[in-house]
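Trainee: I'd like to go over a predicted model; first the sequence, then the structure.
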Amino acid sequence: MRGDPSYGRQPVILSRTRSTTTSVLQDTAPVPPPHANALPAYAPPTTGLLSHLPSAAVPYAELIRLDKPTGTYYLFFPCVFSTLLAAPLTTPITPPLTVLGTSLLFLTGALVMRGAGCTINDLWDRNLDPHVARTRL
């Protein structure tokens with residue numbers, strides 16, 4: 001019965017003599033071994049885009065998830081598609097360098113906004129991340 005305070009607990013026998021048995025209720029959740037919580041040492045990336053950056057820039061690139069560009073693409077592609085659709089409809093037609101400059105501006109904005117979102121998410125989850133294996137480091 002869930003309302004019962006001893007629900008989910010099993011008695012653990014502390015001592016047993018001929019005349020009496022002493023027991024205490026204990027949670028049944030398994031206890032991990034002490035070495036299971038030890039963190040591996042941090043190693044900078046050796047492959048991919050981040051391995052080509054200066055070592056001082058790598059922590060910032062990891063913070064904004066520069067090596068995982070999917071979120072940046074989600075922000076950038078609607079902007080560039082709308083720019084490419086609207087450019088030939090203007091009178092006179094927009095020059096290609098202007099379209100390229102606008103697209104690069106949108107790319108920069110998408111990268112900055114995605115990085116800001118990842119950073120604020122890390123700040124909000126800073127108390128939760130050490131308890132999850134994937135985000136422990």
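Mentor: Received it, and whenever you're ready, just let me know what you need.

Trainee: shaky segments in this structure?
Mentor: Within the chain, the stretches with pLDDT under 70 are 1-39.

Trainee: repeat that with 90
Mentor: Counting by pLDDT under 90, the low-confidence segments of the chain come to 1-49, 59, 62-63, 122, 125-126, 129-137.

Trainee: in the protein, which spans are strands?
Mentor: Using DSSP state E, the strands found in the chain span residues 9-16, 21-27.

Trainee: What are the boundaries of the helices in this protein?
Mentor: Along the chain, counting by DSSP state H, helices occupy 58-63, 70-86, 96-124.

Trainee: helices or strands next to the shortest one in the packing?
Mentor: Looking back up the chat, that one is helix 58-63. Judged by 3 or more Cβ pairs under 8 Å, 6 or more residues apart in numbering; DSSP states H and E, the packing partners of helix 58-63 are helix 96-124. Where C-beta positions appear, they are placed from N, C-alpha and C, glycine not excepted.

Trainee: In terms of secondary structure, what does the helix it packs on contact?
Mentor: By 3+ Cβ pairs under 8 Å, 6+ apart, helix 96-124 packs against helix 58-63, helix 70-86.

Trainee: Mind checking these for the one nearest to Gly115?
Mentor: Ranking these by proximity to Gly115 (Cβ to Cβ) places helix 58-63 first, at 7.4 Å.

Trainee: how distant is the closest one from the center of its chain?
Mentor: Distance, stretch centre to chain centre, for helix 58-63: 13 Å (Cα atoms, centre = their mean, to the nearest Å).

Trainee: what does that helix rub up against?
Mentor: Here helix 58-63 makes contact (Cβ atoms under 8 Å, 6 or more residues apart in numbering) with 44-45, 49-50, 53, 67, 115, 118-119, 122.
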